[in-house]
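*Asks:* need a 3D model of the sequence below.
(2 chains)
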Protein chains: 2
Amino acid sequence: MELLSSTKTHAGWLKRYRHKSTSVKGDMTFAVYLPPQAETQRVPVLYWLSGLTCTDENFIQKAGAFRKAAELGLAIVCPDTSPRGTDYPNEHESYDFGSGAGFYINATVEPYSGTYHMYDYVVDELPRLVEEHFPITEKRSISGHSMGGHGALICALKNPNRYQSVSAFAPIANPTQCPWGEKAFTGYLGNDKTTWEEWDATCLVKNLIGQLQQGLPLFIDQGESDDFLDEQLKPQALEAACEEVGQPITLRRQAGYDHSYFFISSFIEEHLEFHFNALS
Amino acid sequence: MELLSSTKTHAGWLKRYRHKSTSVKGDMTFAVYLPPQAETQRVPVLYWLSGLTCTDENFIQKAGAFRKAAELGLAIVCPDTSPRGTDYPNEHESYDFGSGAGFYINATVEPYSGTYHMYDYVVDELPRLVEEHFPITEKRSISGHSMGGHGALICALKNPNRYQSVSAFAPIANPTQCPWGEKAFTGYLGNDKTTWEEWDATCLVKNLIGQLQQGLPLFIDQGESDDFLDEQLKPQALEAACEEVGQPITLRRQAGYDHSYFFISSFIEEHLEFHFNALS
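*Replies:* All right, here's what the predicted structure looks like:
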């Protein structure tokens, strides 16, 4: 791992690294915030998955999360949103497909099937790496925004014993049924829509029955003035699926808030507290 | 005034406007955060002046200030860092002179003397505008970062009865004696260094004697790992000048912190509380 920067903030340290990833067969960059408590003890960790067009830096610059993370003693790990080392045809042309838009799945369609394995990277490779190198426990939670909210949900719902809790801001909650998801899944997974369902939170939640005695702690904030709400996000579909299988869900509809980091920063501290309680 | 955007955050509203400025003879953009209390009462206001290369947006995106501003009931107004409508020779070529680097002074050297009147804009025109259009009181405080810390200090020290308090993060505290200040003051004010002193906080503080019974509340945070500390910032010169004239100063040297917004966000809430106390 190559240390790119090390910055003190809120009495802890924010570090960015580049490393060779076996999952995506190329260099990946991530950020990790280590709260002051990490100097003397192992701390639990929250993975944060960002949305379309983002890198590992949007959250660390804009979310205003470190005050509360430092208070609680919670590490935060922020991966990038796609592989960056390739140059496939049209890979860099859309904001909602290819680079910056990995959707946290394992692609099966060439050429993306060679490197776009963001699911393996986020669920397996990155936790192994950070648990080896930093003073963090194996207690993990996961959260994210928009495409990253979708990512957090599918990572947790596919691995309900691997994460203590999951939350999301304005997630793409039912990607098989919205334009962003249809474009991405067609490009990464092909036209057979039955293969899409294992990457859709609303489909996956139905598999939870019987896997967990009390369900997975699941918390979503959604702005009611979010321009993408009706066409792309569809949290009500996930809510209905949760109710169908008895999975608890807290879905808050926040009047007046949009899709931006100004929305995330308004409620991030409550999400950190939610995760910290589940991790403790 | 043209409303550019209106975004809900921390239960208040962040608005950006463009307006025709008489001081700088062209369009200017600013941001204003109105805390939720402003819906039912007038609230006091903090002016935030940003540093080299910044616009009105850096602080609103990166400082993490709105949580505490909403809690206290404090409006925050963020102007841009220079006029933007001109295209003088070399105006856009350096990061530390011309556009993005107005230094909050009134230029006297052509062609900058025609428009670079950021001092008049920040001290007179902008407060008149926002006090007319928003539910804020005439109680004002001022703060800023680096070049904006210099700006906050000179605005307050030249008008000790106009501001209730002043604070700064890593200010250029003695610009007549550092490369950034020498370059800017030569370009904006000319070679006669005696004209520079009225724009240098360390020189200005000596004028405070007898103007205020208890001095001006003045609070500075400085990172000890700030790469610009020794060559450009020189807070110790301001500290010595304050001690000489009996002006109280709280100068905190923060171990490990650099010049970035990660430093500002770590301590911004304490600055807001400091100002709110002075404003109350």
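*Asks:* ramachandran angles for the nearest residue to A:Ala38 once chain neighbours are set aside?
*Replies:* Nearest residue to A:Ala38, sequence neighbours excluded (C-beta to C-beta, 6 or more residues apart in numbering or on different chains): A:Pro135, at 4.8 Å. (Each C-beta comes from the backbone N, C-alpha and C, glycine too.) Main-chain torsions, A:Pro135, degrees, to the nearest 10: phi -80, psi 70.
*Asks:* got a list of what A:Pro135 touches?
*Replies:* A:34, A:38-39, A:41-43 (C-beta atoms under 8 Å, 6 or more residues apart in numbering or on different chains).
*Asks:* mind putting those residues into CSV with pLDDT, neighbour count and secondary structure?
*Replies:* Formatted as CSV, these follow (pLDDT from 0 to 100; neighbours: other C-beta atoms under 10 Å in any protein chain shown; DSSP: H, G, I helix; E, B strand; the rest coil):
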residue, pLDDT, neighbour count, secondary structure
A:Leu34, 98, 24, strand
A:Ala38, 98, 21, helix
A:Glu39, 98, 12, helix
A:Gln41, 98, 9, coil
A:Arg42, 98, 16, coil
A:Val43, 98, 24, strand
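*Asks:* tell me which of the residues you listed is nearest to chain B?
*Replies:* Within the contacts of A:Pro135, the smallest distance to chain B is 11.8 Å, found for A:Glu39 (C-beta to the nearest C-beta).
*Asks:* and the residue minimising distance to the centre of chain A, its phi and psi?
*Replies:* Geometric centre of chain A, nearest residue: A:Leu49, 2.8 Å, by C-alpha atoms, centre = their mean. Phi and psi for A:Leu49, reported as degrees, to the nearest 10, are phi -110, psi 130.
*Asks:* same thing with A:Asn106?
*Replies:* Backbone torsions of A:Asn106, given as degrees, to the nearest 10, read phi -100, psi 110.
*Asks:* same question, A:Phe97
*Replies:* According to degrees, to the nearest 10, A:Phe97 has phi -160, psi 140.
*Asks:* can you tell me which residues contact it?
*Replies:* Contacts of A:Phe97 by C-beta under 8 Å, 6+ apart are A:90, A:183-184, A:187.
*Asks:* against A:Leu46, how distant is it?
*Replies:* Per C-beta to C-beta, to the nearest Å, A:Phe97 is found 27 Å from A:Leu46.
*Asks:* please apply the same query to A:Gln247.
*Replies:* Distance from A:Gln247 to A:Leu46, by C-beta to C-beta: 21 Å.
*Asks:* between those two, which is the more surrounded one?
*Replies:* A:Leu46 (28 against 22; other C-beta atoms under 10 Å in any protein chain shown).
*Asks:* which strand residues bridge the more buried one?
*Replies:* According to DSSP bridges, the partner residues bridging A:Leu46 are A:Ile76, A:Ser141.
*Asks:* and A:Ala31, by the same measure?
*Replies:* Beta-bridge partners of A:Ala31, as defined by DSSP bridges: A:Arg16, A:Cys78.
*Asks:* burial count for it?
*Replies:* Counted with other C-beta under 10 Å, the neighbours of A:Ala31 add up to 23.
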